[in-house]
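*Asks:* sequence and predicted structure below; questions after.
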Amino acid sequence: MSQTTVRTRYAPSPTGIPHIGNTRTALYAFLLARKYGGKFILRIEDTDQKRTVPGSLEKIYEIQKFLGLTPDEDPQKGGLFGPYIQTQRRQIYQKYVQELVAKGVAYEDEGAIRIKMPKEGYTTWHDLVAGKISIPNKEVDDKVLLKSDGVPTYHLAAMIDDHLMEISHIIRGVEYIVSTPVHLKIYEALGWEFPHIAHVPLLLGPDRTKLSKRHGAKSVLEYRDEGYLPEAINNFLFYLGFSYQDNSALLSLADMAKIFDENKIQKQNAIFDIQKLNHFNKAWIKRLSDEDLLERIKPFLKHQVADDTLTKILPLVKERITKLDELDQFITFFFDRPEPQVQTDQTKKYLADALSVLEKNAWTKEAIESALANSANEKGWHRGDYFMALRLAITGSRVTPPLTESMLIIGQDEILARLKQNLA
RNA sequence: GGCCCCGUCGUCUAGUGGUCCAGGACACUUGGUUCUCAUCCAAGAGAUCGCGGGUUCAACUCCCGCCGGGGUCACCA
């Protein structure tokens, strides 16, 4: 490695939308490159044509863009080591397969080329995550390197590419641990120096089984559509397998890159805990500036709301929502007059009183608040009950943003109308 | 099943022989602030450190066995 720059890669196969566990691995690869001022490469491993799902590539780009995990080199923007799509590199692999065969490290078998693995001894390496790993060679069979149709398998293509693209750190999932001896063998046979390697653990579902599509594992895109912020997702993923301070600090990608340590990635599988994600999302929403939140919330609104109105509403609700998609329902009463509530004799008294107060009162927060509170006090009424009756009549809900501020936004005429309607 | 990896509160973790009858965070409970909710503040509950043996004056920390979980055994990645 020595003086060479750090280059990491995220190499998904376009066989569907990567789920959030894969994305965590991508995040770590990204952070490692950023930490050392290196390069982060996105490479597409599409050697299994049969499993390729159309549209996957676009989704992969979409996820990276959404999270801000921008590659320095990828199929779109290119780079010095392209092409970055393996099926476009087929001729490159041929040369190395021949070299492997010539050296007696690989052999033909029914039209395919297999690597010849030793039958005894152990293959041992230092894994950045697990430490020393040792696998008996007899457990590793002669993997196919080049399929009979001339297309390379992962084992061959990924290793040739990692070397040619000068990858300094291979960061991938634990499922590749057992085939690492094959990869080491290829590097060794070709006389190349093996990169640092880290096998990061899995993300498990709440039932402790591997997160997968059939267990409802979602992609980042689905979380985005529910109203999770990219900042929150990154922050959550970062702490799921890495520890820093109190494990709840709000960190930007730049912050994370600074403190990330490839030697301190957790060894054990982590369980996906939606509550922790929710915590980060809520915290990040709260931290967003009103202007920023305004733009981000728009795609989630069914109501047509003018910017200046939304600007007034946002401060009242931003620390009351966990996800962006919760806001719309929360602010409905600002625009739609709720159905009249069922009133008791007592709540009618409250509303009639409030109506008489509000009809002639100055229309400011302080004036409304004190007038209403004073009136309730004079009658000897419980303020909470009094305001709740008002809240229900005006918003149709027991859980709302602050009442007086909301009233100001809705406007005096409409407020009076709603009260009258409830008294009718 | 063979091989490999892992095993501290529900969850994410701190912890590398004594300062840990185990600390923090999220979630949870309670109280305070408050017109509701949320925020914020405070307090609390929650882990016999997977189990059993060793080694040691002393182990969550070292060794062995067991159990549990996961990964992998494709011309998939």
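*Replies:* Sure thing, it's come through.
*Asks:* flag the shaky bits of the stretch 301-424 of chain A, pLDDT-wise.
*Replies:* Scanning the stretch 301-424 of chain A for pLDDT under 70 picks out nothing.
*Asks:* what residues does it put near RNA strand B?
*Replies:* A:319-320, A:369, A:373, A:383-384, A:387-388, A:391, A:398-405 (C-beta under 7 Å from any atom of the strand). (Glycine included, C-beta is placed from N, CA and C.)
*Asks:* spatially central, which residue of chain A would that be?
*Replies:* residue A:233 (3.6 Å; C-alpha atoms, centre = their mean).
*Asks:* wouldn't that residue be in contact with residue A:277 here?
*Replies:* Yes: at 7.2 Å, residue A:233 counts as touching residue A:277 under the criterion of C-beta atoms under 8 Å.
*Asks:* any part of the one helix or strand the residue nearest to the centre of chain A maps to near RNA strand B?
*Replies:* Residue A:233 belongs to helix A:230-239 when assigned by DSSP states H and E. Yes: Helix A:230-239 is in contact with RNA strand B by C-beta under 7 Å from any atom of the strand, via residue A:239.
*Asks:* what's the mean pLDDT across that helix?
*Replies:* The predicted model gives helix A:230-239 an average pLDDT of 96.
*Asks:* what's it packed up against?
*Replies:* Secondary-structure packing of helix A:230-239 (3 or more C-beta pairs under 8 Å, 6 or more residues apart in numbering; DSSP states H and E): helix A:20-35, helix A:56-67, helix A:220-226, helix A:253-259, helix A:274-287.
*Asks:* so which elements touch the helix or strand just after the first one?
*Replies:* This means helix A:20-35. Toward the C-terminus, helix A:20-35 is succeeded by strand A:39-42 as the next helix or strand (DSSP H and E). For strand A:39-42, the packing partners by 3+ C-beta pairs under 8 Å, 6+ apart come out as strand A:7-10, helix A:20-35.
*Asks:* and with 10 Å instead?
*Replies:* strand A:7-10, helix A:20-35, helix A:56-67 (3 or more C-beta pairs under 10 Å, 6 or more residues apart in numbering; DSSP states H and E).
*Asks:* tell me which residues in stretch A:342-350 are buried?
*Replies:* A:343, A:347, A:350 (16 or more other C-beta atoms under 10 Å).
*Asks:* now stretch A:124-140
*Replies:* A:125, A:127, A:128, A:129, A:130, A:133, A:135, A:140.
*Asks:* now render these as CSV, adding pLDDT.
*Replies:* Formatted as CSV, these follow (pLDDT from 0 to 100):
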residue, pLDDT
A:125, 94
A:127, 94
A:128, 94
A:129, 94
A:130, 91
A:133, 93
A:135, 94
A:140, 94
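*Asks:* give me the subset of the residues you listed that lies in strands.
*Replies:* Per DSSP state E, strands hold the following members of those: A:125, A:127, A:133, A:135.
*Asks:* ok, those residues vs residue A:260, which is closest?
*Replies:* residue A:127 (17.1 Å; C-beta to C-beta).
*Asks:* in contact with residue A:304, which residues?
*Replies:* residue A:335 (C-beta atoms under 10 Å, 6 or more residues apart in numbering).
*Asks:* what helix or strand is it on?
*Replies:* Assigned by DSSP H and E, residue A:304 falls outside every helix and strand.
*Asks:* any weak-confidence spans in the stretch 101-250 of chain A?
*Replies:* For the stretch 101-250 of chain A, the ranges with pLDDT under 70 are A:212-216.
*Asks:* ok but residue A:114 is inside a strand, no?
*Replies:* Yes: Residue A:114 sits within a strand when classified using DSSP: H, G, I helix; E, B strand; the rest coil.
*Asks:* that one: how many residues sit nearby?
*Replies:* Here the number of neighbours of residue A:114 (other C-beta atoms under 10 Å) works out to 19.
*Asks:* neighbours around the nearest residue to it once chain neighbours are set aside, how many?
*Replies:* The shortest distance from residue A:114 to any non-neighbouring residue, by C-beta to C-beta, 6 or more residues apart in numbering, is to residue A:142 (4.2 Å). Counted with other C-beta under 10 Å, the neighbours of residue A:142 add up to 15.
*Asks:* so who does the nearest residue to residue A:211 once chain neighbours are set aside touch?
*Replies:* Closest residue in space to residue A:211, ignoring its immediate chain neighbours: residue A:217 at 4.1 Å, by C-beta to C-beta, 6+ apart. Taking C-beta under 10 Å, 6+ apart, we find residue A:217 in contact with A:19, A:20, A:21, A:22, A:203, A:204, A:205, A:210, A:211, A:272.
*Asks:* 7 Å - rerun?
*Replies:* Contacts for residue A:217 (C-beta atoms under 7 Å, 6 or more residues apart in numbering) come out as A:19, A:20, A:21, A:205, A:211.
*Asks:* the third one and residue A:202 touch, don't they?
*Replies:* Yes: Residue A:21 sits in contact with residue A:202 when judged by C-beta atoms under 7 Å, with a separation of 6.2 Å.
*Asks:* can you pull the residues that touch both of these two?
*Replies:* Joint contacts of residue A:21 and residue A:202 (C-beta under 7 Å, 6+ apart) are residue A:211.
*Asks:* okay, the two: which has more neighbours?
*Replies:* Shown here are residue A:21 and residue A:202; by other C-beta under 10 Å, residue A:21 has more neighbours (23 against 19).
*Asks:* mind listing what the nearest residue to that one once chain neighbours are set aside touches?
*Replies:* Leaving aside its sequence neighbours, residue A:21 sits nearest to residue A:203 (C-beta to C-beta, 6+ apart; 3.5 Å). Residues near residue A:203 by C-beta under 7 Å, 6+ apart: A:20, A:21, A:24, A:211, A:240, A:270, A:272.
*Asks:* just grab the bridge partners of residue A:203 for me.
*Replies:* residue A:270 (DSSP bridges).
*Asks:* any idea how far it is from RNA strand B?
*Replies:* 9 Å (C-beta to the nearest atom of the strand, to the nearest Å).
*Asks:* now swap in residue A:298 and tell me
*Replies:* 21 Å.
*Asks:* where does that residue sit: helix, strand or coil?
*Replies:* Per three-state DSSP, residue A:298 ends up helix.
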